[in-house]
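A.B. asks: Provided below are the primary sequence and the corresponding predicted coordinates.
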Amino acid sequence: MSDWIDFTGKIVLVTGSSRGIGAGMVEAFNRFGARCVVNYVGDPQGRNEADAQRVAAGLKDPVAIECDVSNPASVAAMFDRVQRELGGLDILINNAGIIRDQTIKKISAEDWNTVLNVNLSGTFHCIQHASPMLRPGGRVVNLASVAGSLGLFGQAGYASSKAAIMALTRVAARELARQRVTVNAIAPGFIDTDMTRSMPEEVSKKFLDQLPAGRIGKIDDVVDAALFLCSPHADYITGQVLHVNGGFHMAG
Ligand code: NAI
């Protein structure tokens, strides 16, 4: 990425940034001058907090905040703290997401609800609480997925949540335009992270065979798209879904 991107003076919050794509996002925005909030969800082993501290240790002036995005009270507390300690927000990246693959016949109501609560409701709660504090020229980027367009086998909850995120992106783009904030989604294809490493090898191989680019995606492929959408060069782009998938799915 060239030096025409500069986020000096900007405050960026990336949900679920203790690892994977989210961690790559805060590292990149910080490298280009932004002050970043690393968000993590607590877990009994304290693994996410340890990961978040490790990510934060590599950043300049970071703030790490524990928050479960599926819990509206926890989200309200996170944004209150951002307002109090950082004085506002310029960029929100709704990246936190989970996957619970099961066929429709087998998926439990609990798993269905958990996926929808984290992926879709989490994105909604964060947009709702961030909206009043996003400054003019601000940006929201939501992580959707190619699954939201294609409806991949075994991903009823995940694909539905990601399709709904695309719709929510368009609604938010219309509503936030009046405060000069753009809202877009990135729909990654198959990116090399813990999420995809947890898939069975034959499933990964099947994906790889269908990739015109001939390689699995890197975290930086997604991060670079977010840097562009959050830059002044994307000021007239809002309500869009940017597919980053090596040609796996070519949307019209
Ligand atoms: P990952 O599993 O490595 O990271 C997800 C992050 O979200 C983790 O830090 C996790 O602790 C956090 N998280 C989970 N539940 C949370 C909650 N309730 N509150 C706050 N944080 C929570 O996944 P990866 O691959 O980095 O994915 C990031 C985003 O990109 C997700 O939304 C995912 O659905 C999306 N995506 C990823 C693709 C891939 O191929 N890796 C493809 C398409 C979309």
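C.D. replies: Sure thing, it's come through.

A.B. asks: quick one, strands of the stretch 1-150 of the chain?
C.D. replies: 11-14, 35-40, 63-66, 89-94, 134-143 (DSSP state E, counting those that start in this stretch).

A.B. asks: let's have those in TSV, adding mean pLDDT, mean neighbour count and distance to Asp101.
C.D. replies: The way it works is simple: take the backbone N, C-alpha and C, and place the C-beta from them, glycine included. Formatted as TSV, the strands of the stretch 1-150 of the chain follow (pLDDT from 0 to 100; neighbours: other Cβ atoms under 10 Å; distance: least, Cβ to Cβ, whole Å):
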stretch	mean pLDDT	mean neighbour count	distance to Asp101
strand 11-14	99	27	24
strand 35-40	98	27	23
strand 63-66	98	18	27
strand 89-94	99	27	21
strand 134-143	98	21	17
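
A.B. asks: looking at these, which is nearest to the ligand?
C.D. replies: Taking Cβ to the nearest ligand atom, strand 134-143 is the member of those nearest to the ligand, at 3.8 Å.

A.B. asks: which residues are in contact with that closest one?
C.D. replies: The contact list for strand 134-143, computed with Cβ atoms under 8 Å, 6 or more residues apart in numbering, reads 21, 88-95, 97, 123, 127, 130, 165, 168-169, 172, 176, 179-186, 188, 222, 226, 229-230, 232, 234-235.

A.B. asks: from those, which are also near the ligand?
C.D. replies: Contacts with the ligand within the contacts of strand 134-143, counted by Cβ under 6 Å from any ligand atom: Ile21, Asn95, Gly97, Pro188.

A.B. asks: how far off strand 89-94 does the helix ranked longest in the chain point, in degrees?
C.D. replies: What stands out as the longest helix in the chain, according to DSSP state H, is helix 156-176. Per axes from the mean of the first three to the mean of the last three Cα atoms, to 10 degrees, the angle that helix 156-176 makes with strand 89-94 is 160 degrees.

A.B. asks: follow-up on the earlier one: filter the contacts of strand 134-143 to the buried ones?
C.D. replies: The neighbour count (16 or more other Cβ atoms under 10 Å) marks 21, 89-95, 97, 123, 127, 130, 165, 168-169, 172, 176, 181-186, 188, 222, 226, 229-230, 234 as buried among those.

A.B. asks: residue contacts, Glu66?
C.D. replies: With contacts defined as Cβ under 8 Å, 6+ apart, Glu66 is in contact with Asn39, Tyr40, Val41, Gly42, Glu49, Ala52.

A.B. asks: how about the strands of the stretch 1-150 of the chain in JSON lines, adding distance to Ser198?
C.D. replies: Formatted as JSON lines, the strands of the stretch 1-150 of the chain follow (distance: least, Cβ to Cβ, whole Å):
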{"stretch": "strand 11-14", "distance to Ser198": "21"}
{"stretch": "strand 35-40", "distance to Ser198": "18"}
{"stretch": "strand 63-66", "distance to Ser198": "23"}
{"stretch": "strand 89-94", "distance to Ser198": "21"}
{"stretch": "strand 134-143", "distance to Ser198": "17"}
